[in-house]
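Enquirer: give the three-dimensional model of this entry:
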Amino acid sequence: MSQDPPYDPVEELVFQCLDSDAPQKTLDKLARQYPEHEAELRGALEQLRCQGLLTQRPSGMGQIPEQLGPFRLLRELGSGGMGVVYLAEEEGLGRRVALKLIRPEHLFFPGSRERFQREIETVARLHHPGIVPIYSVGEEQGMPFFAMEYVEGRSLAEILLALRDQDPSKLSGEDLRKALLAHRERDESTGTTTPGLFDGNWAELCTQLAIQIADALAHAHARGVLHRDIKPSNILVTADGRVHLLDFGLARTEGSQQLTQTTMQVGSLPYLPPEHLEESTRIPSERQDIYSLGVTLYELLALKCPFLGSTPEATRQRIREGRLPSLRTRNSQVSWELETVCLVALADIPERRYPSAIALLRDLANVRDRRSIEAKRTSIWIRGLRWLQRHPKLSAAASSSAALLLIAAVFFGIHQGKARQQAEALRTQADSARIEAEQRATEASAVTDFLVDLFQHASPEKSLGSKLPVQTLLEQGAKRISSELGEQHSVRARLLGTFARVYSWLGEAERSMGFYSEALAALDAEQGPEKANKAKNLKERFSLRIERIFEYINLGRYKVARRELKSLREFGQSKFGQQNRHWGRLLRAQGTLEQQLGHYDEATTFFTRSLELITKDAQSTPKERFQARLMLAVHYRMQHHYRDSQRLLADCLDTKELPHKHPSYLVALRYSAENHASLGEYEAARKRSKQAVAGSKQVFGDRHPSTAQALRSAAFVLRESGDTEAAIELLQQVEQIAQEFAVFSPLYQSKLLDELGRSYHMMGRFAEAKAKFEAARASLDAGFEKGHILSGYVNLHLAETLSSMGQAQEASKLAQAGVAIVEKRAEGSRFHAQALGTLAWIATQIQDMPTARHRIEQALSIARRQPNAPWVLGRTLMFRALIHNLDGEAQLAEACAKEALKRYQRVRSGQHPAIAMTLYHLGWARLTQGDLPGAEQYWSQSVAMYRQLSSDPPFPDIAWPLNHWGYAITKVRPKEAARLLEECAAIQKRILPPDAHWRMICELNLALSYLRLRRWKEAEELMLGIHRSLRKRYPENSRIMQASRSRLHQLYSRMGKPEKAAGYAPKTKVPKAKALKKKAPKKKR
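Expert: Model prediction:
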């Protein structure tokens, strides 16, 4: 993070003048307030005036150039004190962005640049749907700027202005919808509509908006960022009801130096807390933002700012006095709970406000869900005392001591009366809680005694010096549970459940399943007084059954898992209902099952609802909330929604609810690493990956299933960043660990083998890739019924490898089988589009262009219906560009390739093989249109990207642009062409057999370049090798063999060797196909 410059008070005062709509009045006021700086202040402003920077506030294009770097400025969106925001278009990508830059008059002050830089750094560390992300940063012509996502919407200030004459008690969500649509130019929003936002009354709608603001604010606070300028004009609402927190120009982060002294007032006056009106108490804190959000919420509910006076001094006086007109009188829709939340946020003493944005968010959610809130209003006694403190003259005139005693007596009597009523209500609850606590204490004592005695037997004096393995200790404990705790069913159930979890972590899934069943049987066997109070163990029974379902899923027993889920849904609905964390956990298990079966849309619904229920439930544990977020994040990742996944994972990793060595935290680390890699952020990916592997080895050891998972994740990061060989080494370690543990289900084994196969394929080690894919198919066939969706994917991956090995006909059959499976399991999904795209590509390898065209159109139709799968659409468009190029339709190919690039760049900004291949197709299209320099530009970018991905050994697909580029320049620059083609031939020789189609084409192109350079011997060697390979595959009188003989004849003729040239002279022409057909007998129909 950049260090801020020394504080300059004159510069700060100049900024206040520039920010003012009436600079001269502000100047006179500040001169009276700070006489020691008056001369310097007036001099600085005079200098700006002489340079024409104080005549008016910059608007339109004015002194701003029409082009800044790759951005073409279209129009001004808005301006603030220090910056101005323009709508701009990023050339090359064609996307619209919000471009923020420093106002010209501020460029004369070094502190403005530092503020601007700090805003960039602040927003860059935040990843939240309610905070607009930064795309890029730059400087052009001495003017710094940064580009953000362009979000269409209206600020709350504009909405309040549009509704200022309305009665808030008569407003509804529909009024907000109209206010948003009235000013909306076009819908560029890609998010989903906030469920039910516009359906309720105005108070409910304001609560929903405040929840979104508080959520974004909590995210910022968790990362040490204070906004310090929360107000309606800094809050944007989109047409679909999403809220965005804007303008972090005044934000402050932990560890950064102050750019303003505490004597300077920071923020907008009507939204400042009372302690910030006094110089001695201006200390930034989270409670400042909470107070400002409270003022904003009040203004939304009442359509009137609570403290705004006719003059700034009147406003300050109202804030100091804390006089708030009754909110419920102004708006009858406001509930007592919502008013309480607002009043607590607006407490005049910081310590009496919500301690954090999370606490405020929790109570707002309680109001929304009609649950009891946690906050309590300031009591009558405290309010009376604060009133006397604000009116010291009145209390003194009334003989302060007597007045205080009288008031205290009255308030104390009221308070005591309420306390008696509350005590009576709580007494019954206390008795019940005491009985349950005593019973739990008895159980805990029994569990403790059992475990102490068990581990004492492992001590040297009892075990006679021998070391007992963990499994031995567990087996001894399991035997003693039944013999010693036979009648203590609840204690037995708790211990057996613990043993089940331990065996699960040890990788012995079958033993784990047995202990889960025994634990449930122990709970069913309860007798006596416990039977009457069986509800006490309902939650334990429910938890054990859910954990057992997860074991069924891990073992691939999906039918049993579905049957258990159906039974548990009936049990859970009758015992707990559907609006709590218990139901949320069940939905999470349901989502996991659907995910494993490839039903991704259904899984998304279950995971999203699970997170919502668990987060809302005040009784949910930190671990439950963490895991609910984690499961949805993992699911988003599986669907290529990397940024959505990363946002949830950032919340997980930044939380302090779980220790950093907790297994769930380590899982979040490794998925975060994978997301960074998928987004092209390789340095961050490696850092996260190292943390995950080190933590797993420290917690579980080197040879544990969880460590294997971390290693597999690290292998993915290495493969994505180009180090494929190192990735394979790690995957081989994972494979060894997987063979040692039964916890790895057939499904996991198949996924691992499939991933190994893809890594070998990317390195061009096709024989090894083929072996892994075939092993994955065998594992799936052994563990599942035929037609599992993963079997379809493995077939397609194997087909790609076979096609690369020159076995295109066999590859086509496998690809068709894979597509059939995917169509059956996930028809119309993004996976269906991917499968059809692969089949189309393989069809081009066997010159079956009608099939290729038909299948790619099917794939494109499906991919365009997947709004949240830009990567799949990009891949499909790339294949479409290939087919257009083969058909000679260069303009269509170029359009498809450019659209593919845009789709890819929506997902990731770094290098990727798919992006490099798309650049190659763009070059091909330009060459077909006669633009050789344009083609070379694209091919050079493609080759450079492949080399960055992997240089030793080179990435196999780099052969495509090298071959085409070399062939294209053979006639104009044969020496350079030979160099490119030699590199291509070396790669093809390493990965393909001599008779492979693409290897022979590359060698033939190289031979032609040698002919141009009169390197006869090398050209002869290559052409003879190709001729020998062709003789093995084609008859001597075939056209391809005649073409080969003709090339050799020409070669020897040019070399001056007529004897050899005669040996390859063209033979008699082959009879035409029509003549042959006449002699052939007619086939029966």
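
Enquirer: did I read that right, Tyr86 in a helix?
Expert: No - applying DSSP: H, G, I helix; E, B strand; the rest coil, one finds Tyr86 to be strand, outside a helix.

Enquirer: any idea how far Asp247 is from it?
Expert: For Tyr86, the distance to Asp247 (CB to CB, to the nearest Å) stands at 15 Å. Bear in mind the C-beta positions are built from the backbone N, C-alpha and C, glycine included.

Enquirer: for Lys539, same thing?
Expert: Using CB to CB, Lys539 is found at 46 Å from Asp247.

Enquirer: between these two, which one's more packed in?
Expert: Of the pair Lys539 and Asp247, Asp247 is the one with more neighbours under other CB atoms under 10 Å, namely 24 against 13.

Enquirer: right, and that one touches Leu236 too?
Expert: No - using CB atoms under 8 Å, Asp247 makes no contact with Leu236, being 9.8 Å away.

Enquirer: domains in the protein, by residue range?
Expert: Domain assignment of the chain by automatic domain parsing yields the ranges 9-149, 153-378, 392-468, 652-738, 745-866, 988-1080.

Enquirer: for the ones you listed, which has the smallest mean pLDDT value?
Expert: Sorting the domains of the chain by mean pLDDT places domain 392-468 lowest, at a mean of 42.

Enquirer: how about Arg1015, nearest residue that isn't a chain neighbour?
Expert: Of all residues not flanking Arg1015 in the chain, Ala978 sits nearest, at 7.8 Å (CB to CB, 6 or more residues apart in numbering).

Enquirer: so, low pLDDT: which residues of the stretch 451-600 of the chain?
Expert: 451-488, 505-510, 526-537, 555-556, 598 (pLDDT under 70).

Enquirer: let's go with 50 and repeat that
Expert: 451-468, 527-533 (pLDDT under 50).

Enquirer: what about the helices in it?
Expert: Under the criterion DSSP state H, counting those that start in this stretch, helices of the stretch 451-600 of the chain are mapped to 460-463, 470-484, 489-505, 509-524, 529-532, 538-554, 558-575, 581-596, 600-616.

Enquirer: so of those, which one's packed in deepest?
Expert: Mean neighbour count, computed with mean count of other CB atoms under 10 Å, is highest for helix 581-596 among the helices of the stretch 451-600 of the chain, reaching a mean of 23.

Enquirer: now do that helix against helix 558-575, angle only.
Expert: Inter-element angle recorded for helix 581-596 and helix 558-575: 160 degrees (by axes from the mean of the first three to the mean of the last three CA atoms, to 10 degrees).

Enquirer: ok so, going back, ok, the residue nearest to Arg1015 - contacts?
Expert: 966, 1006, 1009-1010, 1013, 1015 (CB atoms under 8 Å, 6 or more residues apart in numbering).

Enquirer: thinking again about what came up before, in a markdown table: the helices of the stretch 451-600 of the chain, plus distance to Glu121.
Expert: Output for the helices of the stretch 451-600 of the chain, formatted as a markdown table (distance: least, CB to CB, whole Å):
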| stretch | distance to Glu121 |
| --- | --- |
| helix 460-463 | 58 |
| helix 470-484 | 48 |
| helix 489-505 | 41 |
| helix 509-524 | 47 |
| helix 529-532 | 59 |
| helix 538-554 | 42 |
| helix 558-575 | 47 |
| helix 581-596 | 37 |
| helix 600-616 | 30 |
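
Enquirer: so which of those gets nearest Ala218?
Expert: helix 600-616 (12.2 Å; CB to CB).

Enquirer: and the following helix or strand past that closest one, which residues are buried?
Expert: Following helix 600-616 in sequence order, the next helix or strand is helix 622-638 (DSSP states H and E). Neighbour counts over helix 622-638 (16 or more other CB atoms under 10 Å) mark 624-637 as buried.

Enquirer: ok, residues contacting helix 622-638?
Expert: Against helix 622-638 from outside (CB under 8 Å, 6+ apart): 581, 584-585, 588, 591-592, 595, 600, 603-604, 607-608, 610-611, 614-615, 642, 644-646, 648-649, 651-652, 655, 657-658, 662, 664-665, 667-668, 671, 674-675, 678.

Enquirer: now do the strands in the stretch 851-1000 of the chain.
Expert: Assigned by DSSP state E, counting those that start in this stretch, the stretch 851-1000 of the chain shows no strands.

Enquirer: quick one, helices of it?
Expert: 870-886, 890-907, 913-928, 932-949, 959-968, 974-991, 997-1012.

Enquirer: which among the contacts of Ala978 gets closest to Gly309?
Expert: The closest of the contacts of Ala978 to Gly309 turns out to be Gly966 (CB to CB; 77.5 Å).

Enquirer: confidence score at the closest one?
Expert: 92.

Enquirer: how close does His884 get to Ala895?
Expert: 9 Å.

Enquirer: neighbour-wise, which of these two wins?
Expert: Neighbours were counted for His884 and for Ala895 using other CB under 10 Å; His884 has more, 24 against 16.

Enquirer: chain neighbours aside, what residue packs nearest to the more buried one?
Expert: Ala893 (3.6 Å).

Enquirer: can you tell me the element Ala98 falls in?
Expert: Per DSSP H and E: strand 95-102 holds Ala98.

Enquirer: just want the angle from that strand to helix 890-907.
Expert: Computed with the same axes, to 10 degrees, the direction of strand 95-102 lies at 50 degrees from that of helix 890-907.

Enquirer: which other helices and strands contact strand 95-102?
Expert: strand 71-79, strand 83-90, helix 110-124, strand 143-149 (3 or more CB pairs under 8 Å, 6 or more residues apart in numbering; DSSP states H and E).

Enquirer: circling back to that earlier point, against Ala843, how distant is the residue nearest to His884?
Expert: From Ala893 to Ala843 the distance is 17 Å (CB to CB).

Enquirer: for Leu922, same thing?
Expert: Counting by CB to CB, the separation of Leu922 from Ala843 is 22 Å.

Enquirer: surely Asp215 is in contact with Leu209?
Expert: No - the pair Asp215 / Leu209 is not scored as a contact, 10.8 Å apart, by CB under 8 Å.

Enquirer: run a quick neighbour tally on the nearest residue to Leu68 once chain neighbours are set aside.
Expert: Leaving aside its sequence neighbours, Leu68 sits nearest to Glu140 (CB to CB, 6+ apart; 4.5 Å). Neighbours of Glu140 under the rule other CB under 10 Å: 14.

Enquirer: distance to Val502 added to the domains of the chain, as JSON lines?
Expert: Below are the domains of the chain laid out as JSON lines (distance: least, CB to CB, whole Å):
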{"stretch": "domain 9-149", "distance to Val502": "36"}
{"stretch": "domain 153-378", "distance to Val502": "34"}
{"stretch": "domain 392-468", "distance to Val502": "12"}
{"stretch": "domain 652-738", "distance to Val502": "13"}
{"stretch": "domain 745-866", "distance to Val502": "19"}
{"stretch": "domain 988-1080", "distance to Val502": "47"}
